[in-house]
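Student: structure, please.
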Amino acid sequence: MTTAPHPAHGVDELCAAGSKLYERALREGRVRCADADEVPCLVDFGLLHPAVRDLGWLEPVAPVVALHRLLRTSEERIADERRREARLATVFEPLMRIDGRHTAVAPTINILNGRQRINLAITEAMANADEELLAIQPRSNYGGQRGGMPRSDVMDRDQALLDRGGRIRTLYQHTTRYLPFILARYEQLRGDAEARTLDEVTDRLIVVDRAVAFIPANEDGTLALEVSHPALVAYFATTFDRLWRLATPMYPEAVQRPSLNGITARQRAIASLLIEGHTDAAIAARLGLNVRTARVHIAKLAAALGSESRAQLGYLIGQSGILEQPAQER
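Tutor: Below is the predicted model:
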């Protein structure tokens with residue numbers, strides 16, 4: 001039977017087995033070497049040492065001697081740290097007298113905890129912005145409040161940016177086109193504000209002046225990352241730009257997506273997910289639909305292609321060539 005390895009610990013947290021053997025050594029004057037095999041900490045810490053006359057035995061070091069030695073070691077370590085602190089202070093003291101107004105602030109990634117803190121950070125970033133706001137708003141963010149912030153406050157925040165000459169570009173899922181309050185929001189804004197839609201979008205993204213970005217850090221939106229690293233912010237902005245070019249205009253001028261050979265753009269999006277093997281529920285979630293609506297579209301797609309089963313539908317999608325057609329045309 002293999003003996004469990006002795007757990008690592010410091011001398012200030014002497015293990016129970018070691019404490020018991022050390023007490024026995026103090027009472028009896030010595031213990032056999034074999035007795036200390038399972039508690040090597042006593043020898044390691046200098047509490048037991050080999051007997052001069054018989055190396056098969058270990059003798060205890062007096063507690064007062066061991067304590068004095070350990071305290072002296074601790075004091076020496078503290079003295080070394082204080083000398084290091086003094087050296088660092090000597091090096092940096094003249095540097096701190098230099099005017100640091102031209103020094104750069106290191107790029108950071110901050111974790112924002114709570115919707116109120118997230119919205120406050122976004123509001124602060126937008127208060128200092130005068131160029132643009134890029135935003136991706138998935139379906140989960142629709143409603144009377146955005147992340148717990150009243151819609152009127154969001155409108156005021158956006159309008160302030162537009163009044164300073166900035167612009168707003170927002171990407172939504174295509175199902176947004178049928179939500180009247182979304183369109184009403186843009187009709188109330190005065191300035192350079194545009195919105196486009198895609199069948200699928202990423203999770204929420206906000207980029208302010210291409211200087212700072214906000215992305216979710218958990219599923220329920222109570223944690224977010226505030227990113228100000230230039231490379232990462234540039235990556236997010238480039239991703240947005242590419243999605244924007246693929247998207248269908250919704251405001252200020254809506255564009256109707258064309259049907260090709262009787263297959264709508266929505267049905268093509270569903271077809272691409274079907275041949276990937278996604279379930280009806282997964283397709284609905286990806287496209288911002290409820291399951292019932294997704295199944296209606298699947299049934300229409302099957303009827304258009306003359307399919308009588310799910311397996312046959314996948315085959316007919318591949319044979320039809322509908323996925324080779326551009327999904328978005330403007």
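Student: hmm, D203 is touching P138, no?
Tutor: Yes - the pair D203 / P138 is scored as a contact, 6.1 Å apart, by Cβ atoms under 8 Å. Using the backbone N, CA and C atoms, a C-beta is placed for each residue, glycine as well.
Student: have a look at the two and say which one is more surrounded.
Tutor: P138 (18 against 13; other Cβ atoms under 10 Å).
Student: shaky segments in the stretch 51-200 of the chain?
Tutor: 99-107, 139-149 (pLDDT under 70).
Student: now the helices for it?
Tutor: Per DSSP state H, counting those that start in this stretch, the stretch 51-200 of the chain carries helices over the ranges 63-92, 115-127, 151-163, 180-188.
Student: need these in TSV (columns: mean neighbour count and distance to S19).
Tutor: Putting those into TSV (neighbours: other Cβ atoms under 10 Å; distance: least, Cβ to Cβ, whole Å) gives the following:
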stretch	mean neighbour count	distance to S19
helix 63-92	11	11
helix 115-127	17	48
helix 151-163	15	63
helix 180-188	13	70
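Student: between those, which one is nearest to A51?
Tutor: helix 63-92 (16.3 Å; Cβ to Cβ).
Student: run the chain-centre distance for that closest one.
Tutor: 41 Å (Cα atoms, centre = their mean, to the nearest Å).
Student: once you drop chain neighbours, what's closest to L183?
Tutor: Residue nearest to L183 in three dimensions, not counting chain neighbours: Y251, with 6.5 Å by Cβ to Cβ, 6 or more residues apart in numbering.
Student: got a pLDDT number for that neighbour?
Tutor: Reported pLDDT at Y251 in the predicted model: 88.
Student: before we move on, what about the one 5 residues further on?
Tutor: Each residue has a pLDDT score; the one for Q256 is 68.
Student: ditto for the one 5 residues further on
Tutor: Note for N261: predicted pLDDT of 65.
Student: just give me the residue closest to the centre of the chain.
Tutor: For the chain, A217 is the residue whose C-alpha lies nearest the centre (Cα atoms, centre = their mean; 3.7 Å).
Student: give the contact list for that residue.
Tutor: I111, L112, L223, A224, L225 (Cβ atoms under 8 Å, 6 or more residues apart in numbering).
Student: ok, 10 Å please
Tutor: Contacts for A217 (Cβ atoms under 10 Å, 6 or more residues apart in numbering) come out as I109, I111, L112, N113, I118, L223, A224, L225, E226.
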